[in-house]
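Colleague: When you get a sec, could you give me coordinates for this:
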Amino acid sequence: MKNKNNYSKAHAKYLKKLKKDKIIVYFWRIVVIALLLGLWELLATTGAIDPFFFSSPSRIVTTIINLASTGNLFIHIWTSLYETIIGFVIATLLGGLIAIILWWSEKTRKVLEPYIIILNSLPKIALGPMIILWVGSGPTATVVMCVLICIIITIISMLNAFISCDNDKILLMKSMHANKFQILFKLVLPNALPEFISVLKINVGMSWVGTIMGEYLSSRAGLGYLINYGSQVLQLDIVMASIVVLCLLAAGMYALVIPFEKKFKKS
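Modeller: So this is what the prediction gives:
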């Protein structure tokens with residue numbers, strides 16, 4: 001009983017230390033961003049840097065408020081958000097499905113793998129004019145660009161996770177007369193869960209990259225369009241405000257992935 005109590009006290013102390021360390025990390029994160037923003041504002045106010053070219057936190061906040069008051073900001077946010085979510089979901093699901101097909105058929109994998117590697121090295125922006133000709137301009141072209149940016153990374157990452165599954169465990173299941181479906185769903189897919197979580201986190205960032213690239217090419221709404229418009233009319237406050245909003249939205253999507261990671265670690 002004494003050992004149990006000692007263990008409980010030690011465990012409670014350990015948990016308290018973890019909580020304290022977490023609070024310290026969050027505290028210093030806030031301090032760092034506050035110092036950077038304060039320094040940025042100070043340099044712009046004193047004229048050490050030209051606010052016309054570098055903007056400032058106060059000017060960015062004012063621009064966001066002005067855009068929000070007219071309702072334009074919410075139209076651009078919604079346009080970029082739904083394009084990104086659609087592209088993210090399609091790329092993740094389709095990329096995972098293709099990876100399963102390539103794992104299932106070794107011959108198919110050997111035939112297609114070199115082409116997948118080549119496609120991954122191809123600058124997707126070069127396909128922009130062709131995408132517009134194929135599917136037209138607007139949201140559809142943006143979603144296609146988003147999918148192209150994410151899907152190859154998804155395929156390669158998930159395929160590597162499937163292939164890296166312990167071969168001895170696969171042989172053990174085969175010796176117990178497990179078919180390929182059972183091996184896939186009982187062993188390979190659960191083994192690939194950590195890589196799948198990593199793919200989700202990567203695709204959050206890459207899907208926003210694809211959306212902004214697509215909106216640069218052909219769009220009349222969205223944060224990418226707003227950034228492009230601001231740079232054309234030399235209103236860099238609009239550019240910086242759009243980038244700040246973009247970062248907040250990307251952080252929000254990333255935050256939605258974190259619970260899946262925590263749930264997996266607990267399980």
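Colleague: Now do the helices in the protein.
Modeller: For the chain, helices defined by DSSP state H occupy the ranges 2-46, 51-54, 57-70, 72-104, 106-121, 128-135, 139-163, 167-175, 180-183, 189-191, 193-217, 223-232, 236-266.
Colleague: buried residues in the third one?
Modeller: What that stands for is helix 57-70. Neighbour-count burial for helix 57-70 flags 59, 60, 63, 64, 67 (criterion: 16 or more other Cβ atoms under 10 Å). C-beta: built from backbone N, CA, C; applies to glycine.
Colleague: which one of the helices of the chain is the most hemmed in?
Modeller: A comparison of these by mean neighbour count, using mean count of other Cβ atoms under 10 Å, puts helix 139-163 on top with a mean of 23.
Colleague: tell me the angle of that one relative to helix 223-232?
Modeller: 120 degrees (axes from the mean of the first three to the mean of the last three Cα atoms, to 10 degrees).
Colleague: Rounded mean pLDDT for helix 139-163, please.
Modeller: Helix 139-163 shows a mean pLDDT of 89.
Colleague: Which strands and helices lie in contact with it?
Modeller: Applying 3 or more Cβ pairs under 8 Å, 6 or more residues apart in numbering; DSSP states H and E, we find helix 139-163 packed against helix 72-104, helix 106-121, helix 128-135, helix 193-217.
Colleague: residues contacting the closest residue to residue 184 other than its chain neighbours?
Modeller: Of all residues not flanking residue 184 in the chain, residue 100 sits nearest, at 7.0 Å (Cβ to Cβ, 6 or more residues apart in numbering). The neighbours of residue 100, taking Cβ atoms under 8 Å, 6 or more residues apart in numbering as the test, are 158, 162, 184.
Colleague: Now those residues in JSON lines, please, with extra columns for distance to residue 77.
Modeller: Converted to JSON lines, the contacts of residue 100 look like this (distance: Cβ to Cβ, whole Å):
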{"residue": "158", "distance to residue 77": "30"}
{"residue": "162", "distance to residue 77": "37"}
{"residue": "184", "distance to residue 77": "39"}
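Colleague: with those in mind, which one is nearest to residue 215?
Modeller: Relative to residue 215, the closest of the contacts of residue 100 is residue 158; by Cβ to Cβ it sits at 27.5 Å.
Colleague: Distance check, the closest residue to that closest one other than its chain neighbours against residue 150.
Modeller: In this structure, residue 158 finds its nearest non-sequential neighbour in residue 99, 3.7 Å apart by Cβ to Cβ, 6+ apart. Going from residue 99 to residue 150 by Cβ to Cβ, to the nearest Å gives 13 Å.
Colleague: Same question for residue 157.
Modeller: Residue 157 is 10 Å from residue 150, where distance means Cβ to Cβ.
Colleague: ok, now residue 251?
Modeller: 18 Å.
Colleague: do residue 101 as well
Modeller: Note on residue 101: its distance to residue 150, by Cβ to Cβ, is 18 Å.
Colleague: just residue 37 next, same as before
Modeller: For residue 37, the distance to residue 150 (Cβ to Cβ) stands at 31 Å.
Colleague: Can you name the residues in contact with stretch 40-51?
Modeller: 54, 55, 56, 57, 58, 59.
Colleague: closest to residue 11 out of the helices and strands packed on helix 139-163?
Modeller: Nearest of the helices and strands packed on helix 139-163 (Cβ to Cβ): helix 193-217, 25.9 Å.
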